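Kindly generate the corresponding structure for this input.
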Amino acid sequence: MDCLFCKIVSGEIPSAKVYEDDTVLAFNDINPEAPVHILLIPKAHITSMADINESNSAVVAHIFEVAAKIAREKGFDDGFRVVSNCGDSAGQTVKHLHFHLMAGRDFGWPAG
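Numbering: from 1, shown residues only. From the prediction side, this is the model:
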């Protein structure tokens with residue numbers, strides 16, 4: 001499989017790790033859209049949110065627990081955004097489930 005995030009998980013491609021455990025890896029985004037922009041990914045390959053099911057949903061719940069933990073530890077738990085793009089039309093550029101944890105600026109809605 002030629003997946004960028006799987007290569008980051010395996011260590012083939014380096015990353016600026018923020019958090020790691022047996023199921024989740026979090027690292028700084030190389031093209032940040034906010035002063036804090038961390039990507040959270042499952043270590044097991046899941047293509048997108050459309051592929052979440054009963055057998056892997058616990059991993060997704062754990063990712064959200066990790067996002068809250070990182071926010072608390074880094075001191076931005078009073079305001080942050082978590083985003084996941086699903087599919088080409090939604091802007092998913094890496095076909096490995098990932099969540100953008102962003103903070104450090106005001107965000108608009110629906111874009112920005």
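
Helices along the protein, start to end?
4-10, 57-74 (DSSP state H).

for those helices, which one ends up most surrounded?
Greatest average neighbour count among those goes to helix 4-10 (a mean of 17), per mean count of other C-beta atoms under 10 Å. To be clear about C-beta, it is placed using only N, CA and C from the backbone, and glycine gets the same treatment.

neighbouring contacts of that helix?
Helix 4-10 is contacted by residues I13, P14, S15, L25, F27, I41, K43, H45, V94, H96, H98 when judged by C-beta atoms under 8 Å, 6 or more residues apart in numbering.

how about 10 Å then?
Contacting residues not belonging to helix 4-10 are listed as 1, 3, 12-15, 17, 20, 24-25, 27, 39, 41-45, 93-98 [C-beta atoms under 10 Å, 6 or more residues apart in numbering].

Can I get stretch 77-91 in PDB, CA atoms only?
Provided in PDB are the C-alpha atoms of stretch 77-91 (Å, rounded to 0.1, in the frame of the first residue of the first chain):
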ATOM      1  CA  ASP A  77      -9.000  23.200  25.800                       C
ATOM      2  CA  ASP A  78     -11.100  26.300  26.100                       C
ATOM      3  CA  GLY A  79     -11.400  26.500  22.300                       C
ATOM      4  CA  PHE A  80     -10.400  24.200  19.500                       C
ATOM      5  CA  ARG A  81     -11.700  22.600  16.300                       C
ATOM      6  CA  VAL A  82     -11.600  19.000  15.100                       C
ATOM      7  CA  VAL A  83     -12.300  18.300  11.400                       C
ATOM      8  CA  SER A  84     -12.300  15.300   9.200                       C
ATOM      9  CA  ASN A  85     -12.800  15.400   5.400                       C
ATOM     10  CA  CYS A  86     -14.400  12.400   3.900                       C
ATOM     11  CA  GLY A  87     -13.900  11.800   0.100                       C
ATOM     12  CA  ASP A  88     -12.600  13.800  -2.800                       C
ATOM     13  CA  SER A  89     -15.500  16.300  -2.900                       C
ATOM     14  CA  ALA A  90     -14.900  17.100   0.800                       C
ATOM     15  CA  GLY A  91     -11.200  17.700   0.300                       C
END
